[in-house]
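Engineer: Fold the following.
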Amino acid sequence: MNWTAAAAIMLALAVSIGAFGAHGLQGRLDTYSLGVYEKGVFYHFIHGLGMLAVPLLVRAGLISKSAGAWAGWLLLAGIVLFSGSLYALAITGMRTLGAITPFGGASFIAAWVVIAVCALLSRRG
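Structural biologist: Numbers count the residues shown, from 1 in each chain. Next up, the predicted model:
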């Protein structure tokens, strides 16, 4: 997987989804739902930047290529599950979708743990 390209796509989507929320959903969602949507955009953007860092960490020798792949896939899964479920929850109001969100959060945490452990074990860190 080309993690730089995947990250750039995720970041472009984060900006687009954020703009849609700011301009297309303003006045259509209540304050709670708009806050949920904005939280999804925030985590989407932060973890898209994390995805962008993955290939740099691999090139720097701080994490292995396989660890980079694990971290990249976990970050991508987290964006889809965490942010995606928040977007769907905010737009549809179906609170049962919130049951998916923790799986995305766990994916985010796992990605950062993979990076941390590999960086700690690296002789370059």
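Engineer: and the closest residue in space to residue 18 that isn't next to it in sequence, what is it in contact with?
Structural biologist: Nearest residue to residue 18 in three dimensions, chain neighbours excluded: residue 41, at 4.3 Å (C-beta to C-beta, 6 or more residues apart in numbering). C-betas here are computed from N, CA, C, even on glycine. For residue 41, the residues meeting the contact criterion (C-beta atoms under 8 Å, 6 or more residues apart in numbering) are 14, 17, 18, 21, 83.
Engineer: Which two among those residues are spaced furthest apart?
Structural biologist: Across those, the longest distance by C-beta to C-beta is 11.4 Å; it joins 21 and 83.
Engineer: Looking at those two, which one has more neighbours?
Structural biologist: The residue with more neighbours, out of residue 21 and residue 83 and counting by other C-beta atoms under 10 Å, is residue 83; that gives 28 against 20.
Engineer: circling back: ramachandran angles for the residue nearest to residue 18?
Structural biologist: Residue 41 has phi and psi values of phi -60, psi -40 when expressed as degrees, to the nearest 10.
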